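Q: One predicted model, sequence on top.
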Amino acid sequence: MAEQAGPAFTAIVLAKTPVPGRVKTRLCPPCRPDEAADIALGALLDTLNSVGLVPADRHLLVLDGTPGAWLPEDWEVIPQCEGGLDRRLGAAFANVAGPAVLVGMDTPQLDPTILEAAGRTVASDHRRAVLGLANDGGFWIVALARGGPADFEGVPMSVDDTGSRQLERLTQRGLIVDQVSTLTDVDRWDEARSVAKVAPHGQFARAVERVTARLV
């Protein structure tokens with residue numbers, strides 16, 4: 001873990017334990033459930049590795065499921081609360097009760113420097129927020145100085161305009177929102193192949209390569 005310098009913030013990963021049949025189901029077909037879980041594990045490992053490089057005060061995994069041998073050292077783990085994604089996001093920030101930057105496990109190509117800059121932004125100014133949209137209409141990163149349920153609950157999740165609605169909610173909350181680059185969120189096979197080309201050296205890309213080799 002890198003040493004922290006500057007304003008303190010927490011780096012959060014919201015994730016699900018990669019169990020066949022419970023993760024990345026929209027990759028099937030052409031993937032089998034075990035292959036989809038392998039790709040999900042690769043995405044999670046790459047995400048944890050990248051976020052672990054961020055010089056945050058804490059590294060926190062908010063997990064749906066049970067951690068396995070894949071969990072790196074020095075990560076704190078707490079369970080996700082019950083309910084929809086809007087409720088789980090709000091609870092994750094409320095558990096931190098301070099500046100935090102949050103990502104999921106669907107963008108293994110993320111750049112740690114963007115996360116660090118987002119964390120520094122909200123730790124330095126409580127009026128600021130950071131949001132990064134995903135190409136499917138959602139969002140892949142959100143950073144808040146004092147986040148909680150009011151920032152998320154009631155925002156429709158997993159719809160074509162989730163990102164724009166989340167942006168509207170944060171603006172309505174009186175925050176100045178900085179937007180960062182849009183990323184591809186991996187849900188389908190074509191997206192998995194595209195992201196593997198962008199980040200070809202990680203565990204995610206190797207998992208995608210194994211499925212590709214079987215399909216040839």
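A: Looks like it came in fine.

Q: Run a quick neighbour tally on the residue lying closest to residue 26 once chain neighbours are set aside.
A: Nearest residue to residue 26 in three dimensions, chain neighbours excluded: residue 187, at 4.9 Å (CB to CB, 6 or more residues apart in numbering). For glycine as for every other residue, the C-beta is placed from the backbone atoms N, C-alpha and C. The tally of other residues near residue 187 (other CB atoms under 10 Å) stands at 17.

Q: For residue 187, give me its contacts.
A: 24, 26-27, 106, 136 (CB atoms under 8 Å, 6 or more residues apart in numbering).

Q: Doesn't it lie inside a strand?
A: No: assessed with DSSP: H, G, I helix; E, B strand; the rest coil, residue 187 is coil; it does not lie in a strand.

Q: Name the member of the contacts of residue 187 with the most neighbours.
A: Result: residue 24 is most packed of those (other CB under 10 Å), 27 neighbours.

Q: Skip the chain neighbours and tell me the closest residue to that one.
A: Using CB to CB, 6+ apart, the closest residue to residue 24 is residue 36 (4.0 Å).

Q: Correct me if wrong, but that neighbour is in a helix.
A: Yes: assignment of residue 36 by three-state DSSP places it within a helix.

Q: That one against residue 20, yeah?
A: Yes: counting by CB atoms under 8 Å, residue 36 does reach residue 20; the two are 7.0 Å apart.
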